[in-house]
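Enquirer: coordinates only, no sequence provided:
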């Protein structure tokens, strides 16, 4: 059985981006007009490093949360250096629903970019799956050392490949990262946590990504995902 566990869409910004109260009110109105309901403004406590004095300073950032949902924990974080839309599926959902959730998250992020009139410098999508397919785990896990071939507690591998795709008719370098982590439980049964990180490279940190760019980013993911996603979760 394969389940979607976490879906996160991010836009990285110039440091110290500030959102005023009028923008917050407009966002709530736009959410309602767009059928994005159930989000409430919230303050998220964070710790920040003061590099000048080398001390940790407690601070707060604006977020929106969707409370009282026992199946999906939804959070929108408007940090000073990024916008993050994060869905955590508490009971897991079928992987066939991925595209619908991507559309919802991209719609929210597009509204954030439009209402704040902020231009981003990087885009990223992170997806985490839980897979309980023993044949698949046996196929992926190939230990070169006999000692680890049975009764192992944990195994992981991370692969990154750079590819070029176009956004706004301009070539962009992408990192396409796959993380595999196999865990064993008390009964020695294995489960696979599979994580995909699809992001524009940090080589280019110019501000250039708006809501139209986000649409292209989502298209590039959908057009190419079958080339790098495990067959079990396509």
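Expert: Received the coordinates, thanks. Only a predicted model underlies this, so the values are computations on that prediction, with no experimental measurement involved. Numbering: from 1, shown residues only.
Enquirer: pull out the buried positions in the lowest-mean-pLDDT helix or strand in the chain.
Expert: Within the chain, no helix or strand scores below helix 134-140, which has a mean of 74 by mean pLDDT, DSSP states H and E. For helix 134-140, a neighbour-count test (16 or more other C-beta atoms under 10 Å) marks 136-137, 140 as buried. For every residue, glycine as well, the C-beta is placed using N, CA and C.
Enquirer: over to stretch 150-169?
Expert: Buried, per 16+ other C-beta under 10 Å, within stretch 150-169: 155, 165, 167.
Enquirer: element containing the first one?
Expert: Pointing back at residue 155 there. strand 154-167 (DSSP states H and E).
Enquirer: next: residue 176.
Expert: Assigned by DSSP H and E, residue 176 falls in strand 170-184.
Enquirer: now residue 26: phi and psi?
Expert: Backbone geometry at residue 26, expressed as degrees, to the nearest 10, gives phi -60, psi -40.
Enquirer: same for the least confident helix or strand of the chain, what does it pack against?
Expert: Contacts defined by 3 or more C-beta pairs under 8 Å, 6 or more residues apart in numbering; DSSP states H and E place helix 134-140 against strand 170-184, strand 190-200.
Enquirer: ok, and which of the ones you listed has the densest surroundings?
Expert: strand 190-200 (a mean of 20; mean count of other C-beta atoms under 10 Å).
Enquirer: pLDDT on the next helix or strand after that strand, on average?
Expert: Next along the chain after strand 190-200, taking DSSP H and E as the criterion, comes helix 211-228. On average, the pLDDT along helix 211-228 is 94.
Enquirer: over to stretch 20-32?
Expert: 86.
Enquirer: tell me how far it lies from the chain's centre.
Expert: Remark: stretch 20-32 is offset 23 Å from the chain centroid, using C-alpha atoms, centre = their mean, to the nearest Å.
Enquirer: list the buried ones in it?
Expert: For stretch 20-32, by 16+ other C-beta under 10 Å, it's 23-24, 27, 31.
Enquirer: which members of these occur in helices, if any?
Expert: Judged by DSSP state H, those include 23-24, 27, 31 as members of helices.
Enquirer: give me the sheet partners of the strand holding residue 155 and which way each runs.
Expert: Paired neighbours of strand 154-167 in the sheet (DSSP bridges): strand 170-184 (antiparallel).
Enquirer: okay, buried residues for stretch 222-234 please.
Expert: By neighbour count on 16+ other C-beta under 10 Å, the buried set for stretch 222-234 is 225, 229-230, 232-233.
Enquirer: how far away from the center of its chain is it?
Expert: For stretch 222-234, the distance to the chain centre is 16 Å (C-alpha atoms, centre = their mean).
Enquirer: which residues does it contact?
Expert: Applying C-beta atoms under 8 Å, 6 or more residues apart in numbering, the contact partners of stretch 222-234 are 2, 95, 99, 102, 129, 131, 133, 136, 161, 163, 165, 176, 178, 194, 196, 198.
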